[in-house]
Each structure stands twice: as structure tokens, then as C-alpha cells.
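Visitor: The following comprises the amino acid sequence and a computationally predicted model.
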Amino acid sequence: MTTPLPVYPGTRSPRCPFDPPAAYADWRRADGLQRVTLWNGATAWAVSRYADVRAVLADPRISADARRFPELNPGAGQGRPHAFPRMDDPDHARLRRMLTGEFTVKRVAAMRPHIQELADRFLDAMIAQGPPADLVRDFALPIPSLVISLLLGVPYADHEFFQAHSTTMNRADASAEEKGAAGAALFGYLAGLVERKQREPGDDLISRLLADRVATGELAPQDVAMNGMILLFAGHETTANMIGLATLALLENPATATRIRDTDDPAVIANAVEELLRYLSIAQDMILRVAAEDMTIGGQPVEAGDLLTINLPAANRDPELLEAPDTFDIDRVTRGHLAFGHGVHQCLGQSLARAELQLALPALLRRLPTLRLAIPLAEVRLRHDMSAYGVHELPVTW
Ligand code: HEM
């Protein structure tokens, strides 16, 4: 009888929900790579060592092309254009390049006052309603959702529709039919929005793509709708889960929370955010690849067509990256962490995500200095089996 393979992603301990499952450290130390079962029963190699992850993500023989693993992308295509994050260069680079200008450090710096305003507005509403509150519903989720709306030019009046469908698509307990219907509704919505922006352009990403890329024939209007949908998914749930889980981590580490609350040094906050990104590594099941040819990775022979799942939580806790990797220390140098991936697919929205975290977390800690969990830590529902790890809800009081 063969022993069943471990499931990836594994379950983190409820006692310390910030640490990756203990088995990952063994996988990192073992020869070769760990064979695992993914959520849909497919088998893959888990790449867990820091050096192996960097090597794989920089290797042109490793493909991100979704057409090579259709069983892992239910609903992909279906008359919609393919998504550039699931393409290889040069197609991927051609499409990505059209968006990079939207996420430069300078562009994001110009968005900071709006992000601050949103954080303040949601805090005002939460405080007005009085404790307790669900920090995910009232703060962590709406901030990135509205930031994306602002960026894409989604009118505020349509915001509820936009948020309701994207939430359904991200919900673990939604059925495949519900998710499919929400996806189709959202794509339809974005296609309609693109049509509207063709008639009435605004100062937003969709209008700029229409003017700069559709007018020249480089993109079709439905490619613009697809890019809008990608940005919504890539940028929404990830950032929301980082805000939620980071808040929990800070509530469990009150001295660190006090330090972030009391500092007026942006460098301290920026470094704290980097350490939170590394320590929490929420992108636990987001990076899938396939070997395009036979090769050896970390001493492991891998055949063409083999799936690889990139274990960022393990890689970011590798002692090769830094000393005492399991310690949460916002004063350490975190350079080189992989929370946003690595190589050509490295997160396009990382400057924006950083800005959202750097503004939202201190605002929360300053406005609500007595913030605390409203339930025992052991009762907080953790997103073990979701591609972005985090908390489903975070009941808080003050
Ligand atoms: C890619 C993490 C926020 C847009 C990625 C990847 C990771 C990641 C690990 C690499 C995926 C791969 O290699 O297959 C995160 C985390 C975030 C965050 C942890 C928040 C804390 C955002 C935001 C946006 C965004 C705010 C945009 C508004 C994207 C896009 C890609 C990507 C478009 C695909 C890039 C490509 O394939 O070229 N992200 N992300 N992300 N992210 Fe993020």
C-alpha cells in the first residue's frame, strides 16, 4: 500500500497561525523536492527552498502558460481572452508592459492621499457603528476593493455590484456554478464598462488603455475588460488578506503594534510591512508552473509536463534567506523576501499593495489604540485551503 501524499497547502497550527505547517521545514531539508497533492487531486512537486524557488521562477524552461495545465484552470478561456499572468514571454511581456506604467512608484505615490482618505472613511464608519466589528468586512476588504475601483474607473454607484460578485468568486464555500456565474457577471460588467468608457472616457486605467492601446489596434476592447478583471482578482483578495492577517499578527505582538503606532518614521513602517509580508507569506497557493522540458531542480529529476507549486511560505522561512527566520522582527533587514514572487511574473501591483498596507495598518492602530480580538485566538477562522491565506473574519472590539 502506498502512503497518501501530503496535501498542499497544508494546515497551519491554530496555536501559531502565522507559522507555515511544520512539515514544510522537513521538505526544505529533504533531498530533492516534495511530491504533493493539490486541491483538485492533481499531483505536483512542491518547491520549498529559497534558492530553488528563485531558480525556478527565473528559469525560462519553466512555464506559467495555463494552456499547459487546463485541469487547474476551470473556466479559463470560455470565450474570454487569456490572462497574461498565465502566459509565457514574449506574449506575457507584451501585455504586462502595457500596464506597468500604472503601478510605478510615482503613480502609486500620487494615489496615497486617496488611500489614506479611504482608510479614514472606513474607520469613521466602523467607530460610528461601535464595537464589536468584523475587521475583514469593515476595513480590510473594502479598502483594496475601492482602491481598485478608483484605479479602473468603476463608478462608485456600481461599487456594491462589483464587490458582491468579486467576494463570491473568492469565497471558499461558493459552488463552482456560483463562482462561474459571478465570473461571467463581472466580465460582462467590465465589458460594459469598457463600452461606456469608449463613449465617455475618464481619468482612469481603462480609459487610458482604450486611448493608448485600443485606438492603435494593439488590444481589442475585450482584452481591456480582461485586464480589468485580472487586476481586480490579483489585487483585491491578496491585499485584503494581508491587512486582516497582519492586524491579527500585530494584536498578538502588542509591543510591535505599539512601535508602529507611535513612530512617525515612514522607514520604520515600510520595513515593518516588508517583515509582515515575509513572515505571513499569504500567497500560499498562487504560483503554479509546469516544466516545459526534462530537467533537474534542487537535485530532483523533473519530467516535461510535471507541475510545480511554489511554496513561498517555506521559502520565506528558509534560514538561507536570513537568521532566525521564524522570529517576527520588524527591525531586521528583509531584503530578498519572495512574498511578491520573483522573475518575470513578480507582482505587478507590489508598490500599490505596499502603499495600502503602509497607510491602513498605522491608521487602524492610531485610531483604535485599544483594539483587541473579540474572540479567543483559537476561534479565529483561518483560510487554510484558500490560495491566499488569511482570516475569514476578524471579530474585534475596542
Ligand atoms: C502577481 C502577491 C497585491 C497584481 C503576484 C505574484 C504574487 C503576488 C506572489 C506572483 C504570481 C506568479 O508568479 O504566478 C501579491 C500579494 C499582494 C499582491 C502578497 C498583496 C499584499 C497585488 C495588487 C495588484 C496585484 C494590489 C494590482 C492591483 C498582480 C498581477 C500579477 C501579480 C497583475 C501577475 C503578474 C504577471 O504575471 O506578470 N502577486 N500581490 N497584486 N500581482 Fe500581486
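Guide: In hand now; what should we look at? Numbering: from 1, shown residues only.
Visitor: what does this protein have sitting close to the ligand?
Guide: By CB under 6 Å from any ligand atom, the part of the chain that sits against the ligand consists of 64, 85, 96, 148, 230-231, 234-235, 238-239, 242, 282-283, 286-287, 339-341, 345, 347-349, 352-353. Backbone N, C-alpha and C define where each C-beta goes, glycine included.
Visitor: Quick check on the residues you listed: which are buried?
Guide: Burial by neighbour count, judged by 16 or more other CB atoms under 10 Å, picks out 64, 85, 96, 148, 230-231, 234-235, 238-239, 242, 282-283, 286-287, 339-341, 345, 347-349, 352-353 from those.
Visitor: Quick test: name the residue nearest the centre of this structure.
Guide: In the chain, the centroid-proximal residue (CA atoms, centre = their mean) is residue 238; its distance is 2.8 Å.
Visitor: my read: that one touches residue 285, true?
Guide: No: look at residue 238 against residue 285 with CB atoms under 8 Å: they stay out of range, at 11.9 Å.
Visitor: now the residue in the chain that the ligand sits nearest to, nearest residue through space, not along the chain?
Guide: With CB to the nearest ligand atom as the measure, residue 349 is the residue of the chain nearest to the ligand, at 2.1 Å. In space, and not counting its chain neighbours, residue 349 is closest to residue 235: 4.7 Å by CB to CB, 6 or more residues apart in numbering.
Visitor: Would you list the phi and psi of the one you found?
Guide: phi -100, psi -10 (degrees, to the nearest 10).
Visitor: ok, now the one 10 residues further on?
Guide: Main-chain torsions, residue 245, degrees, to the nearest 10: phi -70, psi -40.
Visitor: And residue 301, by the same measure?
Guide: Per-residue torsions, residue 301: phi -70, psi 130 (degrees, to the nearest 10).
Visitor: related to what we said a few turns ago, would you mind confirming that the residue of the chain closest to the ligand is in contact with residue 231?
Guide: Yes: between residue 349 and residue 231 there is a contact under CB under 8 Å: 7.2 Å.
Visitor: Now do the same for residue 289: helix, strand or coil?
Guide: Secondary structure state of residue 289, per DSSP: H, G, I helix; E, B strand; the rest coil, is strand.
Visitor: repeat for the one 4 residues further on
Guide: Reducing the assignment at residue 293 to three states with three-state DSSP gives coil.
Visitor: can you tell me which residues contact it?
Guide: Counting by CB atoms under 8 Å, 6 or more residues apart in numbering, residue 293 touches 61, 304.
Visitor: Which residue, neighbours along the chain excluded, lies closest to residue 348?
Guide: For residue 348, ignoring the flanking residues on the chain, the nearest one in space by CB to CB, 6+ apart is residue 103 at 5.6 Å.
Visitor: ok, the one you found to residue 277 distance?
Guide: 16 Å (CB to CB, to the nearest Å).
Visitor: One more: residue 313?
Guide: Here the criterion is CB to CB. By it, residue 313 lies 11 Å from residue 277.
Visitor: higher neighbour count, these two?
Guide: Neighbour totals were compared for residue 313 and residue 277, and residue 313 leads with 26 against 23 (other CB atoms under 10 Å).
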